[in-house]
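>>> Fold the following and give me the result.
(3 chains)
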Amino acid sequence: MEDGADLDENAMTMDNDFGDIEFVDEEAKVDGGALNGVDDDDEDDENVVSIEKLKHKVMAYTNGSAHDDEETKDSIGDVRSATPSIAGYEMPKMFKQQEPFQPGSTPAHLEHRYLAWNTVGIVTLHTDGADGAIDVEFHDASVHHSLHIPNYNNHNMASLSSTVLAMAADNSSKIVCIALAASGNKEWSVQLPDCESVEALCASSRMLAVATSAQFLRIFTVMGTQREVVSIPGPVVCMAGYEDRILVCYHSAAPSAKQQHLQAMLFQTCGLRLKCQNVTLPLTPERQLSWLGFSDCGSPVFSDSMGIVQLFNVKSNCWYPVCDTMKQSSSVSNNYFVISLSERSQILQAVLCRGTSYPMTNPRPMVQELPLQLPLCDLENEKSILEDSMLRASMMSMDNAEKTIKETAIKLFALACRSEMEMRAKELIETISCTDLLMLAVKYATKLGRIHLSDRLSELLPQIEEEQQSREQEEQLVEQSLPASPLILLKAYQNGSSSSSNKLAPKSMDLGSTKKSTLKRFAFSNSQSSSPLYKKSTNDSLLATPSSEASQENFSGNDSESQLSKVSSEDMKPLSRTPLNSVNPFAMKRKLSEVDKTILMGSEKLKMVKK
Amino acid sequence: MEDGADLDENAMTMDNDFGDIEFVDEEAKVDGGALNGVDDDDEDDENVVSIEKLKHKVMAYTNGSAHDDEETKDSIGDVRSATPSIAGYEMPKMFKQQEPFQPGSTPAHLEHRYLAWNTVGIVTLHTDGADGAIDVEFHDASVHHSLHIPNYNNHNMASLSSTVLAMAADNSSKIVCIALAASGNKEWSVQLPDCESVEALCASSRMLAVATSAQFLRIFTVMGTQREVVSIPGPVVCMAGYEDRILVCYHSAAPSAKQQHLQAMLFQTCGLRLKCQNVTLPLTPERQLSWLGFSDCGSPVFSDSMGIVQLFNVKSNCWYPVCDTMKQSSSVSNNYFVISLSERSQILQAVLCRGTSYPMTNPRPMVQELPLQLPLCDLENEKSILEDSMLRASMMSMDNAEKTIKETAIKLFALACRSEMEMRAKELIETISCTDLLMLAVKYATKLGRIHLSDRLSELLPQIEEEQQSREQEEQLVEQSLPASPLILLKAYQNGSSSSSNKLAPKSMDLGSTKKSTLKRFAFSNSQSSSPLYKKSTNDSLLATPSSEASQENFSGNDSESQLSKVSSEDMKPLSRTPLNSVNPFAMKRKLSEVDKTILMGSEKLKMVKK
Amino acid sequence: MEDGADLDENAMTMDNDFGDIEFVDEEAKVDGGALNGVDDDDEDDENVVSIEKLKHKVMAYTNGSAHDDEETKDSIGDVRSATPSIAGYEMPKMFKQQEPFQPGSTPAHLEHRYLAWNTVGIVTLHTDGADGAIDVEFHDASVHHSLHIPNYNNHNMASLSSTVLAMAADNSSKIVCIALAASGNKEWSVQLPDCESVEALCASSRMLAVATSAQFLRIFTVMGTQREVVSIPGPVVCMAGYEDRILVCYHSAAPSAKQQHLQAMLFQTCGLRLKCQNVTLPLTPERQLSWLGFSDCGSPVFSDSMGIVQLFNVKSNCWYPVCDTMKQSSSVSNNYFVISLSERSQILQAVLCRGTSYPMTNPRPMVQELPLQLPLCDLENEKSILEDSMLRASMMSMDNAEKTIKETAIKLFALACRSEMEMRAKELIETISCTDLLMLAVKYATKLGRIHLSDRLSELLPQIEEEQQSREQEEQLVEQSLPASPLILLKAYQNGSSSSSNKLAPKSMDLGSTKKSTLKRFAFSNSQSSSPLYKKSTNDSLLATPSSEASQENFSGNDSESQLSKVSSEDMKPLSRTPLNSVNPFAMKRKLSEVDKTILMGSEKLKMVKK
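Sure, this is the predicted structure:
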């Protein structure tokens, strides 16, 4: 089996599970003529993802002959419109504008389909004959017991959060909600005025949002109080919610020849106040939006029809590609159906759909966990793997981010020294601009006998101290203007997660033998050294930018010797229950430590672990 | 007469005035076959707007057969382009891109037309034969006496503010201005360089702005000093001005199949500095922009060709639909020509155009005042009516906003309790997160004997106190970075308006009999309770966000008993002269109190008051 | 010779240089029938640019017959797509969407072409036969010696900064970099993953950025550490870099009938953090983007295919047209190829291309320096010329900006008084709102015997004091939240430039004889008067807005008498070495003082100095 993304120890069990739905994969082998030479069994021995095959697939898509190998009815469909030619004149072609959809749902023509599959639970619609029904299962049974709802209203869209289930039908104006926490009558419903109908629905733990045919966004509280009606400037594509945030994606202009032009409105509520930030959604050419959601830390995330997952960092106002699910797939005819993304654990949860675009309802496929990885150049090199770790730690609200940044940075520094790239080594320390890191680097350079480099680094100290101080002052100023609600949210989050913070921590380098004397030069700098490298906030609110998470990072840096020994002891801690694995029935099977070592330590070509 | 929006006591007089221009309405009855059964006289007895008829009209528009019942030459014209079909291939249709226009003007083909009609005055163009002329009337004669200007330059566009009249002609490069406050020679003119011509004009009390064919925005002072030349990224649609703000609306992309894509640049000047904020203008599909302006508090406002009026809140960065003039119209062939919107009084001033899209110059039609109302669901319910009041008070700079929020919130709380929706009641208090309101709610719940609810509410106190404190700290921080100019502006505004603040205040609930003992539990919280609920600024400057209006809100909340008694005494205050009614010749006829009671207190279907 | 923009004393030498490539100009005279009557030699005597001719040219472009007079292969090409007409139906035409290009490069079909020409140096590509080569010359030889690189990799794009030369080829995935400061092996290279290829390249002194076919922006440090991968929402047009900033321009929607719709992402890095600001790029209709860069103070700048140069002010979030190179050209067939723009010196460096769109490689044409000028109305009037100076000083980080604002403002005040426009005079002082200026104005009005004006101005004092104070408080608050890196950048900049700050300072008005007694009224205001008028920052960081440049402006204003005398003495200072002229081989030839006087002092029609 070529399942490169299967990171689970119990892989044998899973292989059996997947065996049942592999028939489509078999067909793919026959139909995909160009791929005939590829034998899955051979790959068992290779233990490596065939980069060539993936390239071929991507190329095929790019060149416009992509869908030849998608022979199932569930495929997303030909997203490029034909180029008509009338009387010899080639008319301007236009990429097809996609219709509204519910993230986590499967196509409407299926008799048994998912209306929603997310971290809270799974909503399934069965339309056998006249008496259809909606089934709701919760990953965490303590949230609510399962529900079986007769579908008298012909609902065909639903959204599920930990507090509410919302249901509606295309072209209908009625929304029916079940408030999970309510006692007594849990159901409430609302009728849209005039001729408005529902285009998209989205429930968060705090709110319910409905996008209508009049391009209004209507926000309700979970219990049914009307909270807002605001205007959306274009046709809605889809929506997502997270606590007090709503993300609405819409077409901001007609599609051009090769791509759609999407914008998103990121709403945040605080009391009765609402704040909207406009965000451009960077769809790669020739692709459709296939999933929209929030990370476990509240960052917007989307996935496109070719499996690239991108994450939006509110502070930097940028989208970062953080996972290419296609690269983790063993076959060109497979797809990953995204369920959720965890910044803390650096994991994407997705369902592997063998030979299809969407998961079947029966048998229920397994959720897999794919590691996040930036699409850096030369990912087979140790340098790129370290850069990937460092950058992910600096851009996401990852567990132990600060420690990871320092540790990968010092490894990159060491690597540059070994490769006789002293300028690159020095530049790295200047870029990160952290006194702790500078001290480690000076120590390491001295140990290697690179006295010239060590001296030049020492000269950087005043400059780096100044930069770090300014940065901290700036952070403090921002922290003062902290709104109330995200703080409170934060508390709820900190319960189970901080203890799981050592999961992806790479092994510490043993710098213990470096002379302590090097550090003495910098004794006067210790007053600042206890300050965190980059304060990062879990919930960068739109109303302000809090940064209270930093306090939970106990990387003191006062004494790098003790700090480095501490790393090893932290690695011994048992894996604790996190918000992510607590809602995921498959989470306990996961053990990433081996993979981590392969990725972080290996200097040879990146291997996909085969079990 | 079906004049549902006529809120005036002197309605009989107005009916006579309108009678003269009803001939088009008569034609409408004949042509609009589907509407034949509707007899205006019958409606006299119904006293209710026919929702069905409005639905029909909206549906017709949506389905593309809208303009059948617009047979006058003044109609906006068919805004949808035809879908050509050549040799069986259907080509991509595109919504028509609208040409530049002056808000408050009537079409250019008319012999007698309005060049501008706004809160300052009315500019009329008469083109009888060779000797055309421009007439200017001021609502407030103390601003300036009327003007009669021979139109030697063939001007066909004008913009009027309290300080300047600007005139220009299509495709010409000369702008002629009359500085109203100047002594001696009031006229100055300017010639655009090269081949630039005027596309749109807009005068505020501080500035004059001209958008040219080179897509430059040229800003002048009222006396003719050149202040700025900045670039506009697309074809201009129209402009509006308010004090030191200019709003420029332009096409940001080609129209797509069903709608135009408009953006606006919101400029604010402060000394020689200029600041621009980009705002997306959310036109509803199949509609054109028909009016652009600012509210009396400086919020951008627009109206579309189907009569939806939307307001932009600078702080929240959102557009809110605040009035659907169509719903207030008694006949599908009528239109409202928007003149102005007052956030303080929650009123839209518009001219009812019976059977036409635009007002005639002779006889001069009356300005009507329509109440603002959000397009909430189930507006026939008491709950929705209260939500409408609460949301409008929280999103706009309405008089007595804080008091309205608290009073409608406590009514919603009471309503939820009565409807056995305790969770909804509690959620509401949590959402608004204000200690004063919490105390009132606890008192009320205790009075009703709902001890469980009362206890659960009490538990919220520490959380709500914390949130409120953070919010206040944040506001203070923002207040410190206050620019100079908006403060000064504010002073000018505060003269007449703060005393009129009780106009729309609903009657206070009598909670006086609730036990004082409930409050004693919260005695320790009184230290914070004097702080306002949500500080709101009249002039949310782009350069910073001042919030000085809060100080004029004297809702102390120290003792809710005394506060509630204070409400009644405030209700007794006489109606004073406000900026709005001082410039409006019809304003003194208005008395909204009865309507308010119908809307706020009534729990049955919303009636349009007929007099 | 009609070289109106030739500001150089050594014009005769240059004429000889240009003579070689004037053949195209000769052809232009023959082909451009409408221009036949224009005799270049005649213009020698006129000493004036023919505005008529320029108008004609602009008109021609606007009307769609523009390119008749562009017969060289180097012309940008017909940018308007044809309007096809099939079976009588006119199809929607669309402006042509331009392909990616490297700013400062010449077309790819040329055998000898520039790959990059900027303030650092010149990169030339020679493709004679099989053995092509890339030549790199540095303006400042101390940066690096010249390079001659055999072009084995068929590179056809390059970007050059003071620290790195980056090279790549169209449709290739390899980027080769030469780190100029590195010792030992200076070359590093990187391979893009999968099927990505390079679309655009850009090097700054801190970073290297690559836009790829997957619409990813990849940022590297100068030494080759991977720093970021972020998504771009549309097809890239071009990029520019400056220190820690990257500007990426892309198509945000399909072009509409008359124009392209471009957006830019302005990135700023600070440590490992990245911040992106979205900026709309306002291309004038019917034009293409032809150059993109940063000013010497880090403001984004672009030039279009008709020679309009626009500058983006980060603080105001606006684009300002600051130079119309066409107006400075003596012939309609000439073009200016933009090299750089200096805000400090208010100069655009460009290469005059006689009869071509692009400069030839041999003989190497000269760089000319064009003065910046806003496209104000009535530029032949003294008033407009003063307004131009005042506005440029207030919108750009110009040397001696504060002094220029005050001096031009007081001249405008004097002019308004002389023209009997007292209201305009007073309005100007109110607008600028600076106590120093107010005092000067009162003094001047008193001297002229305009006691009424003087009194009304005096009444403004409390208001202006208050505004100024608020402004200063606001600035201080912003200053506190200052990020580290721009401060450090700033220091590097301040070395040579502050001493050149008097270059464009206009001659001071002699107000010395005004009575000192006028000032005594305002003695109490002196406490504030030492504060700068408008604090301006050289590096308005996106992460915050620093304003440390103000401290180097020594316009004290404590005593206007001494200040005015100081101006003259400053005018005597020798021209010192600035960053601009130090990198420019032609800079020492420049003497702008005469031209300045013509522009700033002359009240007659603007003359182009002919030597």
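
>>> Now do the contacts for residue A:377.
With contact set as C-beta atoms under 8 Å, 6 or more residues apart in numbering or on different chains, residue A:377 has these partners: A:384, C:190, C:191, C:192, C:193, C:218, C:226. C-betas here are computed from N, CA, C, even on glycine.

>>> Helix, strand, or coil at it?
Per DSSP: H, G, I helix; E, B strand; the rest coil, the secondary structure class of residue A:377 is coil.

>>> Give me the local confidence score for the closest residue to it other than its chain neighbours.
Among residues not flanking residue A:377 along the chain, residue C:190 sits closest, at 4.8 Å (C-beta to C-beta, 6 or more residues apart in numbering or on different chains). As predicted, residue C:190 sits at a pLDDT of 96.

>>> For residue C:190, list each beta-bridge partner.
residue C:175 (DSSP bridges).

>>> isn't it right next to residue C:224, touching?
Yes. Shown here, residue C:190 and residue C:224 form a contact pair, counting by C-beta atoms under 8 Å, at 6.8 Å.

>>> just for chain A, where's the confidence low?
Applying pLDDT under 70 to chain A picks out residues A:1-92, A:129-130, A:478-611.

>>> one more time with 80, if that's ok
Along chain A, the model assigns pLDDT under 80 to residues A:1-93, A:128-131, A:184, A:474-611.

>>> and of the contacts of residue A:377, the nearest to residue C:332?
Comparing the contacts of residue A:377 against residue C:332 with C-beta to C-beta picks out residue C:218 as the nearest, at 41.9 Å.

>>> Helix or strand for the nearest residue to that closest one once chain neighbours are set aside, just tell me which one.
Nearest residue to residue C:218, sequence neighbours excluded (C-beta to C-beta, 6+ apart): residue C:210, at 4.7 Å. Using DSSP states H and E, residue C:210 sits in strand C:207-212.

>>> Between strand C:207-212 and whatever helix or strand comes next after that strand, find me the angle.
Following strand C:207-212 in sequence order, the next helix or strand is strand C:216-221 (DSSP H and E). Going by axes from the mean of the first three to the mean of the last three C-alpha atoms, to 10 degrees, strand C:216-221 is angled at 160 degrees with respect to strand C:207-212.

>>> Mind giving me the packing neighbours of strand C:216-221?
helix A:422-432, strand C:207-212, strand C:226-231, strand C:245-253, strand C:261-270 (3 or more C-beta pairs under 8 Å, 6 or more residues apart in numbering or on different chains; DSSP states H and E).

>>> now these as a markdown table including distance to residue B:477?
Formatted as a markdown table, these follow (distance: least, C-beta to C-beta, whole Å):
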| stretch | distance to residue B:477 |
| --- | --- |
| helix A:422-432 | 30 |
| strand C:207-212 | 33 |
| strand C:226-231 | 31 |
| strand C:245-253 | 28 |
| strand C:261-270 | 22 |
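
>>> Counting neighbours, what do you get for the residue lying closest to residue A:216 once chain neighbours are set aside?
Among residues not flanking residue A:216 along the chain, residue A:229 sits closest, at 5.4 Å (C-beta to C-beta, 6+ apart). A total of 24 residues lie near residue A:229 under the criterion other C-beta atoms under 10 Å in any protein chain shown.

>>> for residue A:404, same thing?
23.

>>> distance of residue A:295 from chain C?
Remark: distance between residue A:295 and chain C (C-beta to the nearest C-beta, to the nearest Å) = 16 Å.

>>> just checking, that residue touches residue A:343?
Yes. With contact defined as C-beta under 8 Å, residue A:295 reaches residue A:343; the gap is 4.6 Å.

>>> the domain parsing of chain A - what is it?
Annotated domains of chain A cover A:112-375, A:384-477 [the TED database].

>>> can you give me the end-to-end distance of the last one?
What that stands for is domain A:384-477. 35 Å (C-alpha to C-alpha, to the nearest Å).

>>> Mind listing the shared neighbours of residue C:190 and residue C:224?
Listed as contacting both residue C:190 and residue C:224 by C-beta under 8 Å, 6+ apart are residue C:177.

>>> in the helix of greatest length in chain A, what's buried?
Identified as the longest helix of chain A according to DSSP state H is helix A:461-480. Buried residues in helix A:461-480, counting neighbours by 16 or more other C-beta atoms under 10 Å in any protein chain shown, are found at A:461, A:464, A:465, A:467, A:468, A:470, A:471, A:472, A:474, A:475, A:478, A:479.

>>> Which neighbouring elements make contact with that helix?
helix A:435-447, helix A:526-529, helix C:484-497.

>>> one more time with 10 Å, if that's ok
With contacts defined as 3 or more C-beta pairs under 10 Å, 6 or more residues apart in numbering or on different chains; DSSP states H and E, helix A:461-480 has these neighbours: helix A:422-432, helix A:435-447, helix A:526-529, helix B:461-480, strand C:261-270, helix C:461-480, helix C:484-497.

>>> Next, the angle from it to helix B:461-480.
Using the same axes, to 10 degrees, the direction of helix A:461-480 lies 120 degrees away from that of helix B:461-480.

>>> Could you export whichever strand or helix holds residue A:166 as CSV, CA atoms only?
Secondary structure from DSSP H and E places residue A:166 in strand A:164-168. What follows is strand A:164-168, C-alpha atoms only, in CSV (Å, rounded to 0.1, in the frame of the first residue of the first chain):
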residue,chain,number,x,y,z
VAL,A,164,-26.5,24.7,17.5
LEU,A,165,-27.6,22.7,14.5
ALA,A,166,-29.1,24.8,11.7
MET,A,167,-30.9,23.4,8.7
ALA,A,168,-32.4,24.9,5.6
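
>>> Tell me the helix or strand right after the strand or helix carrying residue A:349.
Assigned by DSSP H and E, residue A:349 belongs to strand A:347-353. Later in the chain than strand A:347-353, the nearest helix or strand by DSSP H and E is strand A:367-371.

>>> List the buried residues of that following strand.
Applying 16+ other C-beta under 10 Å to strand A:367-371 flags A:367, A:368, A:369, A:370, A:371 as buried.

>>> Paired strands for it, with orientation please.
According to DSSP bridges, strand A:367-371 forms sheet pairs with strand A:347-353 (antiparallel).

>>> and for residue A:295 and residue A:343, which residues touch both?
By C-beta atoms under 10 Å, 6 or more residues apart in numbering or on different chains, residue A:295 and residue A:343 have these common neighbours: A:301, A:311, A:322, A:396, A:397, A:538.

>>> May I have the residues that are in contact with the second one?
Read it as residue A:311. Applying C-beta under 10 Å, 6+ apart, the residues contacting residue A:311 are A:294-295, A:297, A:299-302, A:318-323, A:341, A:343, A:348, A:372, A:392, A:395-396, C:231.

>>> The strand holding residue A:166 pairs with which strands?
Using DSSP bridges, strand A:164-168 pairs in its sheet with strand A:157-160 (antiparallel), strand A:174-179 (antiparallel).

>>> Would you mind giving those strands as a markdown table with distance to residue B:203 and mean neighbour count added?
Output for those, formatted as a markdown table (distance: least, C-beta to C-beta, whole Å; neighbours: other C-beta atoms under 10 Å in any protein chain shown):
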| stretch | distance to residue B:203 | mean neighbour count |
| --- | --- | --- |
| strand A:157-160 | 48 | 26 |
| strand A:174-179 | 46 | 21 |
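
>>> In TSV: those, plus distance to residue A:282.
Formatted as TSV, these follow (distance: least, C-beta to C-beta, whole Å):
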stretch	distance to residue A:282
strand A:157-160	25
strand A:174-179	31
